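> need a structure here:
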Amino acid sequence: MRAVMILTLLALPLAAQQPTIALIGLRHSHTWGHLESIVKSSPAKLVAISETDPELIAEARKLTAPDVRYFDDYVKLLDQVKPTMVWAFVENNRHHEVVLACAPRKIHVIFEKPLAATFQQAELIRTTARKHGIQVLTNFSPAFTPAYYAIKAKLDTGALGAPWRLRVTTGHGGVFPKSGRSRIFHEWLIDPVKNGAGALMDFGCYNVLYSLYFLGRPTSVYAYALHLRPADFPLVEDGVTMVLTYPKAVAILEQSWDLPPNSSGFEIVTYQGAIRMQDGKLESRSGREPAVPLAAPPLPLERSSPIAYMVHCLAANRPVEGLVSLDYTVAVNEIIDAAKRSIRSGKPVSLPPARP
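Residues are numbered from 1 along each chain as shown. All right, here's what the predicted structure looks like:
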């Protein structure tokens, strides 16, 4: 009996050290896949959820354990539960509001992409996070996908020469459910204030991230928008093409809610070859040689998910880095804002030098 008591006491500090996570909002369609993963297997324990919509709460209760607490006010959640981190699934234009509440309480934050609805809001998030010393991670799924690191590793060898053209097409057919647990998501996704734009924000943020990762910061941004289905999307564009210019390269980025299935694709062309990805098939080509598969080794465990990476960074006392970092994700919002200005003016928009 005494041995059992000793083992129990020894285990208490370890249990106390387990990171905890709370969800703020259930208003993004990505919520549900992530919630299922958190419940099944996560390095952080789910302790609370804040939401006001009864239908969304009922859906979440089907997935969560009885001890998960529910709140209709996320500030009360923060003060009473004091989680290590939160994952906010709210409208894009509320992201900075969440950080303003969490940062003084030293609670770290994960967002679903993008970081914010506007560049100004993104900068406010970065300034606030740095002032209070919290970590902010924006979940861009490519950051947890081995293929993109394999592409970068191949380019970094120099075997294919320098990349000079990136072309990416992303999107889907724009069929959004108007009932069920994705109802609210659809409502704010087609709102230019709450989302920040339409297809430009929804898929353009991914494409801009690719451009930053593989080519760096562009010197100018040109964009034009299509409004093919005004009955479905009365207030926002359903398609945008962006052209990002560099001193010795160009990125042609297409994002649309009007695409048939299997229309997305990725290609980066270099002076001596190319790398392509289509339908999950990754291949590289050197000169006139036939294309060959490009292997994508699995990522380390700590890079397997947003929560795993956040927990790793907190345990190691190191900043969130790479594609999900504030510097990358603020830059995404900056370029999206430049694209919106270009659409309004019909002219390219020059970018200033990167801010420190």
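> outline the domain layout of the chain.
Domain ranges of the chain: 2-140, 143-299+325-350, per automatic domain parsing.
> so for residue 318, which of these sits nearest?
Smallest distance to residue 318 across the domains of the chain (C-beta to C-beta): 9.4 Å, for domain 2-140. Any C-beta I mention is one placed from the backbone N, CA and C, and that applies to glycine too.
> report the distance from that closest one to the chain centre.
In terms of C-alpha atoms, centre = their mean, to the nearest Å, the centre of domain 2-140 is found 15 Å from the chain centre.
> shift numbering so it begins at 18
Sounds good: first residue 18 from here, last item domain 19-157.
> where among the domains of the chain is average confidence lowest?
Lowest mean pLDDT within the domains of the chain: domain 19-157, a mean of 91.
> all helices of the stretch 218-367 of the chain, in order?
Using DSSP state H, counting those that start in this stretch, the helices of the stretch 218-367 of the chain run over 221-232, 323-333, 343-362.
> er, the stretch 18-167 of the chain actually
19-33, 48-57, 71-80, 91-98, 112-119, 136-149, 163-173.
> among these, which is the most enclosed?
helix 112-119 (a mean of 21; mean count of other C-beta atoms under 10 Å).
> which other helices and strands does it contact?
helix 91-98, strand 102-105, strand 125-129, helix 136-149 (3 or more C-beta pairs under 8 Å, 6 or more residues apart in numbering; DSSP states H and E).
> mind listing the strands in the stretch 218-367 of the chain by residue range?
237-243, 256-263, 266-273, 282-287, 290-295, 298-303, 309-310, 366-367 (DSSP state E, counting those that start in this stretch).
> between these, which one is nearest to residue 320?
Comparing the strands of the stretch 218-367 of the chain by C-beta to C-beta, strand 298-303 comes nearest, at 17.9 Å.
> list of residues touching that closest one?
164, 167-168, 171, 176-177, 289-294, 308-311, 313 (C-beta atoms under 8 Å, 6 or more residues apart in numbering).
> which ChimeraX command selects the buried ones in those?
Typed into ChimeraX, the line below selects the buried ones among the contacts of strand 298-303, using 16 or more other C-beta atoms under 10 Å:
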select :164,167,168,171,177,290,291,292,293,294,311,313
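> grab the nearest non-local neighbour of residue 217.
residue 257 (4.3 Å; C-beta to C-beta, 6 or more residues apart in numbering).
> so which of the helices of the stretch 18-167 of the chain is nearest residue 196?
helix 71-80 (9.3 Å).
> circling back: now render the helices of the stretch 218-367 of the chain as a markdown table, adding distance to residue 118.
Below are the helices of the stretch 218-367 of the chain laid out as a markdown table (distance: least, C-beta to C-beta, whole Å):
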| stretch | distance to residue 118 |
| --- | --- |
| helix 221-232 | 24 |
| helix 323-333 | 18 |
| helix 343-362 | 18 |
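> mind listing what the residue nearest to residue 217 touches?
Per C-beta under 8 Å, 6+ apart, neighbours of residue 257: 214-217, 221, 240-243, 271-273, 356, 360.
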